[in-house]
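> next input, structure requested:
(chains A and B)
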2 protein chains.
Amino acid sequence: MLNFNFYSPTEFVFGRGTENEVGRLVQQYGGHKVLIVYGGGSAVRSGLIDRVKKSLEAHSIEYVEMGGVLPNPTDVKVYEGIDLCRQNGVDMLLPVGGGSAIDCAKAVAAGTIYDGDFWDFYEGKIIERALPVGVVLTIPAAGSEGSGNSVITKASIEKKISIRAPHKLRPVFAIMNPELTFSLPPYQTACGAVDMMAHIQERYFNNTPETIVTDSLSEALLRDIIALAPRVLAHPDDYDARANLMWCGTLAHNGLCGTGVEEDWASHAIEHELSAMYGVAHGAGLAVIFPAWLTWMLSHNDSKLKQWAKNVWNVDTPEEGIKRYKEFLHSIGMPTNMQELGIENPNPEQLSQRLHEHKGEQVGAYVKLQKKDTLEIYKLAVEG
Amino acid sequence: MLNFNFYSPTEFVFGRGTENEVGRLVQQYGGHKVLIVYGGGSAVRSGLIDRVKKSLEAHSIEYVEMGGVLPNPTDVKVYEGIDLCRQNGVDMLLPVGGGSAIDCAKAVAAGTIYDGDFWDFYEGKIIERALPVGVVLTIPAAGSEGSGNSVITKASIEKKISIRAPHKLRPVFAIMNPELTFSLPPYQTACGAVDMMAHIQERYFNNTPETIVTDSLSEALLRDIIALAPRVLAHPDDYDARANLMWCGTLAHNGLCGTGVEEDWASHAIEHELSAMYGVAHGAGLAVIFPAWLTWMLSHNDSKLKQWAKNVWNVDTPEEGIKRYKEFLHSIGMPTNMQELGIENPNPEQLSQRLHEHKGEQVGAYVKLQKKDTLEIYKLAVEG
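Numbering: from 1, shown residues only, chains lettered A, B, ... in the order given. Modelled structure (predicted):
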């Protein structure tokens, strides 16, 4: 077990009707004027944005708003948000949505009170301060409501960068009403489940000895997601199933599953190139990449795969574990190869080239992957 | 699954040598002058207090100190601490020890900046503000390093009261070096494991339907503690075993195992009277009370006991689960009845009488216990 620092200060306000507490929470955390950040029109059409505004008004919180944040949010929208915040004297960000809205809001939070270009942070500059971010979560998947991470794509060069600033970017509160997820389409629901599993597995596959507690919590959450995802797809308005799955998404990525281990994160890096080049949904991309990564590991480092197969899938071999994983992914409507993902002419060579241009010579930690290795993984992902 | 609010803002700094970061952390959280609070002389003799002081001095943090906080800390020591803080302009509490030092420090933190008598808070008054508390943990058991709870005994009337103020009393940081627990005596180590299990079980035994994730995490932690406690007792300086057990102690009581459930806490209330009347160690008292509580539940509400028996002990019936639990407790040197606990002439009637005087007509939630019920449980605990 390695030394670690676990810091998850976000106040999670979870359950039915909790979006109506947003005004009180903004006030509690010192906000006077917020930028409401959201994606497509569903949050507006459903009346959610109106309920949020009503709660803000009841607590005399002023607001401006920015809609239209798309999946894989870009720097363009971040600059728009920064301008809005500066022009209006905004002192807190309020994303209403999933990872895209939250990650965009985090970038705006850091960029608004920074003299230079916010993109500096995504190129390695340390974030010294940021406006507070409060969240109303509607898509359980990215775990951004409880993480200090933010992923932004620089549109002009299709470069997708993930940063981590636990002390500056973690939301101060996250409102999580499972009812708000009832209307999520099946594909997006399934993508979310895949992303949650990936967040756990990126940490679980490590060479650190004796990570007993972290392993057992991670395996428990993986088994829960495997049980809950089909239930949610079969009954989209099953409150308890939605609630448990939503909570899994947060715990998968708030750091709990990474305590004392050396984390990997190669699969996320490998997938980010797919999303950036082909515009595929992040979760669906992971459904293709993670099994390919595992398959490659069979002949390179299968030590932790044996434990995973036994404790998560209740089977005897890593090969059988990967088979069950793929069957599970298919059962919830996810692709497991690039063709199923809708990429007709994938270019593994170019993907691998770009990956290492962006991330350096090596990615990952469980096995440090060089270009020849990631090329093999992309090729495995073509066929699935 | 019920609505819940999960808030665990403590920064946990975990691993070898972390006590040397205390100066940096006090500074980071705004402390200029701390009151170091500790128990017996072991923290002094081991050189730990010296290392803590050295780190404070390196960051120009001033300090005063108060040793001699005993198990089941009393109001007398709290008043002493409040006087020291006021006289010296202390702005942060720094307990070095286990639950007793931390709980005492929390009471001092709230009492120092309150005009009235700090005991008001233990009689129900809401804590509006408190000085920040940072922790150097040496005894994993109470979970106070990550909780907003504090238990203080009013010495003059042997009245032990537990309060909860998650937003005011949670430590801002907790330094956790498993090496500091190598020298813990076996009895105290075992008491700690029992307390951790009790903290999980007080939440686990509930009637709330569909607490899937909370249950699976709780069961995983219980299984881990059951595996780790004997290992730690057999090899007191096994770093990884000590580290994993220490982390279990925090997760058992930082709120994670209580998300979305109606918690019980009857066994703690029932045990507190034992500690207050007979001065027994809290963990050892729980080893006697919890099995008695479970035995009573067999004929009153065994629904969750079935799941517990299966998923924690891997047996088919609640009766068999309780049998395994007691065998486990004996195997780690714990008592399971009052005689083994060293109480020669226990007085169930008086214990039950005092319990309800202190806690009102009913205690617990899984089954609401009245005086006739707690009397039966105390009687069951006499024989074990």
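
> my guess is A:Y29 contacts A:P132. True?
Yes: counting by C-beta atoms under 8 Å, A:Y29 does reach A:P132; the two are 5.7 Å apart. All C-beta atoms are positioned from the backbone trio N, CA, C, and that covers glycine.

> comparing these two, which residue is more hemmed in?
A:P132 (19 against 15; other C-beta atoms under 10 Å in any protein chain shown).

> what about the longest strand in chain A?
strand A:4-14 (DSSP state E).

> that one to strand B:4-14, inter-axis angle?
Angle, strand A:4-14 to strand B:4-14, by axes from the mean of the first three to the mean of the last three C-alpha atoms, to 10 degrees: 170 degrees.

> name the helices or strands packed onto the following helix or strand past strand A:4-14?
Per DSSP states H and E, the first helix or strand lying C-terminal to strand A:4-14 is helix A:22-28. Here helix A:22-28 touches helix A:48-58, strand A:92-97, strand A:134-137, strand A:173-176, going by 3 or more C-beta pairs under 8 Å, 6 or more residues apart in numbering or on different chains; DSSP states H and E.

> for A:P209, which non-adjacent residue is spatially closest?
B:D240 (7.0 Å; C-beta to C-beta, 6 or more residues apart in numbering or on different chains).

> revised request: answer the last question for A:M197.
Spatially, and ignoring its direct neighbours in sequence, A:M197 is nearest to A:I225 (5.5 Å; C-beta to C-beta, 6+ apart).

> quick one, domains of chain A?
By the assignment in automatic domain parsing, chain A contains the domains A:11-180, A:185-383.

> all strands for the stretch 201-350 of chain A, in order.
Using DSSP state E, counting those that start in this stretch, the stretch 201-350 of chain A contains no strands.

> chain B contacts on the stretch 251-384 of chain A?
A:251, A:256, A:259-260 (C-beta under 8 Å from any C-beta of the partner chain).

> out of the helices and strands packed on helix A:22-28, which gets nearest to chain B?
The closest of those to chain B is strand A:173-176. By C-beta to the nearest C-beta, the value is 8.8 Å.

> determine how far the closest one lies from the middle of the whole chain.
16 Å (C-alpha atoms, centre = their mean, to the nearest Å).

> returning to that earlier point: which of the residues of the stretch 251-384 of chain A next to chain B sit farthest apart?
A:L251 and A:G260 (15.9 Å; C-beta to C-beta).

> neighbour count winner among the two?
Neighbour comparison, A:L251 and A:G260: the larger count goes to A:L251, with 27 against 24 (by other C-beta under 10 Å).

> how about the more buried one: what's its closest non-neighbour residue?
A:L221 is the one closest to A:L251 (C-beta to C-beta, 6+ apart), at 6.0 Å.

> same check, this time on A:P166
Counting by C-beta to C-beta, 6+ apart, the residue nearest A:P166 is A:G148, at 3.5 Å.

> list the contacts of that neighbour.
If a contact means C-beta atoms under 8 Å, 6 or more residues apart in numbering or on different chains, then A:G148 has A:164-170 as its contacts.

> quick one on the thing from earlier: what about the residue nearest to A:M197, how many residues nearby?
24.

> surely it and A:V194 touch.
No: counting by C-beta under 8 Å, A:I225 stays clear of A:V194, with 9.0 Å between them.

> which parts of whichever helix in chain A runs longest are buried?
Counting residues, the longest helix found in chain A (DSSP state H) is helix A:212-234. Neighbour counts using 16 or more other C-beta atoms under 10 Å in any protein chain shown place A:212-226, A:228-229, A:232-233 of helix A:212-234 among the buried residues.

> run the angle between it and helix B:212-234 for me.
Using the same axes, to 10 degrees: helix A:212-234 against helix B:212-234 is 170 degrees.

> packing partners of helix A:212-234?
Against helix A:212-234 (3+ C-beta pairs under 8 Å, 6+ apart) you get helix A:186-204, helix A:239-251, helix A:303-313, helix A:318-331, helix B:212-234, helix B:239-251.

> pLDDT of the fourth one, averaged?
In this model, helix A:318-331 has a mean pLDDT of 98.

> check A:G279 and give its pLDDT.
88.

> contacting residues for it?
Counting by C-beta under 8 Å, 6+ apart, the residues that A:G279 touches are A:N72.
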